[in-house]
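Engineer: Make a model of this:
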Amino acid sequence: MSLPQGAYSPDFEMTARSTLVRRKLPPPQLLDPGRESFGKMENRRGELLDALWEEEEEDGVAASASSSLRLSEAGDVQVEMLEKARELFQLCDKEEKGFITKLDMQRLQSELPLTPEQLEAVFESLEQDNNGYLTPVEFSMGLGKFIGIELYQGSGSTDHFRHEETFESGWSDDLDQTDDEEEKRFYSMMEQLGVAQVFEDQSEVRELWTRLRKERPDLLANFEEFLFHVSSYIREVHYEKESMEQALKRKETDHDREVRCLYEEMEQQIKAEKERLLCQESLRHNRSNLLQKELRSKEQELEKILYRQKKLEHQIQSLNSEQLETRVQNERLQLLNENLLEQLERSKWELEVAKGHLERLQKEAQCEQEQKDRDVFRVSKNMQKEKQSLLRQLELLREMNKKLRDDRDAFEAKKLPCHRVPLVKTWRGQPSRNVNERARRQSRGLGAIQRNTTDTPPL
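Structural biologist: Okay, here's the model as predicted:
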């Protein structure tokens, strides 16, 4: 079978597909050639093609007899090219990623007679999925096709078309010889290998199997083994895909669990913060209640003080009533005056005591609230009213004393005879002076009381 210029052999595609399988499975004995340089491989392929073309030109009758030999030699060259492609892919994929990128492709510049622009063009032509990388199968297929194009550029167009026509006519003859029995054998082989469900479109596989069965029966077993390895690899890929999906699901589940844990932890922190704020609010509420209780106790103490003050006022009023009752009595003026003086001195002393008590209340009231201050001021005002009432009472007593003196003088004047009038006047003059002196003393005492009342600072 001749290789036309620019064409791509299905055998090369089949061998390229098996390259990815050989990464994990041991390669067959057929695909174990020695490593040769890329230049020798090109020379050998060119010599083989030249020999094929010369033989066809010299002896067209012997073309069918030598076709099997040329196919064998061409297959060996393709195997060597595939092995070289695998070595080049491993050279690019030093990290063993399983794929190569455009930057990895630049490493082939020292191994292939191609410029960086040509390598970039090769990469872009092979990158059919536009995913930015090449798999081993895509790399092997595309690189062999690109090298085949380079090798056939020096050949004539006439030979190229002649070889292509010969290839197509031979292939059409082989297709005409297939029958129902071969189809049954093919499907039974697929069922035995367990690859019938793996390949959706079996036309290409059947075509290759038919060609190998007719042209290269010795490679049929290797082809069946290749199909078995490919199907195993596809199943393994599906299994790895399912495993990766399960791993992604587990990872997503773990991520959701971590997020849920974070949410729960955040909720716990928020709950703890709320409890702390509630505790602080409870403490403030308790403190406020305590202060209110203290305020109520202070108010109760103030009420007690006011009650005592009212009690004292009531006692003073009772004493005043008693004094009024004693004044009504018809006693001696001297005893009455002495009692009045004593009462006056007692009143002064009580006023001093009240003043001291008032000053003490003023000092205590400074530490109390404004309400207490107003209450104390009201108490002092009542005390001033009481002082004024006492002054009025003293004034009333003075008038009563004067009236009593006048009554006594009139009574004594009526009692004594007329010839003793001067003596009575003389006797009356002395008491009058005493009474005047006592009145002056009383007025001085009242003035002192008024000065004390005036000097008392208002609250």
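Engineer: list the buried ones in whichever strand or helix holds Glu345?
Structural biologist: Element membership for Glu345 (DSSP states H and E) is helix 333-366. Going by neighbour count (16 or more other CB atoms under 10 Å), the buried part of helix 333-366 is 333, 336-337, 340, 343-344, 347, 350-351, 354-355, 358, 361-362, 365. All C-beta spots, glycine's among them, are computed from the backbone N, C-alpha and C.
Engineer: any idea of the mean pLDDT in the strand or helix carrying Gln384?
Structural biologist: Here Gln384 sits within helix 370-415, counting by DSSP H and E. What helix 370-415 shows for mean pLDDT is 88.
Engineer: can you check stretch 99-119 too?
Structural biologist: So the average pLDDT for stretch 99-119 ends up being 75.
Engineer: Just the terminal-to-terminal distance for that stretch.
Structural biologist: Terminal residues of stretch 99-119 are spaced 16 Å apart (CA to CA, to the nearest Å).
Engineer: returning to what we had before: mind giving me the packing neighbours of the helix holding Gln384?
Structural biologist: Judged by 3 or more CB pairs under 8 Å, 6 or more residues apart in numbering; DSSP states H and E, the packing partners of helix 370-415 are helix 220-328, helix 333-366, helix 421-455.
Engineer: what's around Cys261, how many residues?
Structural biologist: 10 (other CB atoms under 10 Å).
Engineer: separation between it and Glu273?
Structural biologist: 19 Å (CB to CB, to the nearest Å).
Engineer: now do Lys363
Structural biologist: Relative to Glu273, and taking CB to CB, Lys363 is found at 49 Å.
Engineer: which stretches of the stretch 1-150 of the chain have low pLDDT?
Structural biologist: The stretch 1-150 of the chain contains residues with pLDDT under 70 at 1-79, 81, 111-113, 128-129, 141-150.
Engineer: correction: the stretch 251-400 of the chain
Structural biologist: 330.
Engineer: mind redoing it with 90?
Structural biologist: For the stretch 251-400 of the chain, applying pLDDT under 90 flags the ranges 260, 263, 318-348, 350-384.
Engineer: what about Gln300, neighbour count?
Structural biologist: Each residue near Gln300 was counted by other CB under 10 Å, and the total is 10.
Engineer: my guess is Leu333 contacts Asp406, does it?
Structural biologist: No. The pair Leu333 / Asp406 is not scored as a contact, 11.1 Å apart, by CB atoms under 8 Å.
Engineer: For Lys348, see how far away Lys355 is.
Structural biologist: 10 Å.
Engineer: One more: Lys363?
Structural biologist: 23 Å.
Engineer: and what of Asp104?
Structural biologist: 122 Å.
Engineer: With Asn289 instead?
Structural biologist: Asn289 is 49 Å from Lys348, by CB to CB.
Engineer: Please apply the same query to Glu127.
Structural biologist: Counting by CB to CB, the gap from Glu127 to Lys348 is 124 Å.
Engineer: ok, now Lys298?
Structural biologist: 34 Å.
Engineer: Repeat that for Glu303.
Structural biologist: Look at Glu303 and Lys348: by CB to CB, they are 30 Å apart.
Engineer: Run a quick neighbour tally on Glu117.
Structural biologist: Neighbours of Glu117 using other CB under 10 Å come to 8.
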